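1. Quick one: sequence and predicted model below, then my questions.
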Amino acid sequence: MNHPPPIGTSSVYIPNHLVWAILSTLFCCLPLGVVSIVYAAQVDGRRAAGDLVGAHEASRKAGWWAVASAAALPVLLLLWFGLFGGIAALGALSGN
């Protein structure tokens, strides 16, 4: 038998990027990852409420913030090693 979907749900799939948001929060940049988790948590609720435009927007923002969080890790590492590598190099030069 073909049953219609329950009221308030939609058969449209909209990715919520929650896994990427959590992983980027744990392993990359905490503040940016938390923003991604907030947007990812909004996707399914908006889709269930019938707000497909809002769900797509929250999904897009969740994905963007997860990528920004993941990209922040190499940038922060380069800054870290550049700063302390520079300090070490200056310390080595002044020791002569």
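-> Cool, the structure landed. Residues are numbered from 1 along each chain as shown.
2. And the helices in the protein, which stretches?
-> Taking DSSP state H as the criterion, the chain contains helices spanning 18-27, 30-48, 52-94.
3. which residues touch the residue lying closest to residue 29 once chain neighbours are set aside?
-> Sequence neighbours aside, residue 72 is the residue nearest to residue 29 in space, at 3.8 Å (criterion: Cβ to Cβ, 6 or more residues apart in numbering). Where C-beta positions appear, they are placed from N, C-alpha and C, glycine not excepted. Going by Cβ atoms under 8 Å, 6 or more residues apart in numbering, residue 72 touches 28, 29, 32.
4. Out of those residues, the closest to residue 16 would be?
-> Closest approach to residue 16 among the contacts of residue 72 (Cβ to Cβ): residue 32, at 17.0 Å.
5. Quick check: the gap between the nearest residue to the closest one once chain neighbours are set aside and residue 13.
-> Among residues not flanking residue 32 along the chain, residue 69 sits closest, at 3.7 Å (Cβ to Cβ, 6+ apart). Remark: distance between residue 69 and residue 13 (Cβ to Cβ, to the nearest Å) = 24 Å.
6. Looking at the two, which is more packed in?
-> The neighbour comparison of residue 69 against residue 13 (other Cβ atoms under 10 Å) goes to residue 69, with 26 against 7.
7. now the most centrally placed residue in the chain: how far from residue 91?
-> Central residue of the chain (Cα atoms, centre = their mean): residue 66, 1.7 Å from the mean position. Going from residue 66 to residue 91 by Cβ to Cβ gives 38 Å.
8. Where does the prediction get shaky in this protein?
-> In the predicted model of the chain, residues 1-10, 95-96 satisfy pLDDT under 70.
9. Apply 50 and report the result again.
-> Judged against pLDDT under 50, the chain has no low-scoring part.
10. number of nearby residues for residue 24?
-> For residue 24, using other Cβ under 10 Å, the count is 26.
11. so what's it closest to, chain neighbours aside?
-> Nearest non-adjacent residue to residue 24 (Cβ to Cβ, 6+ apart): residue 69, at 3.8 Å.
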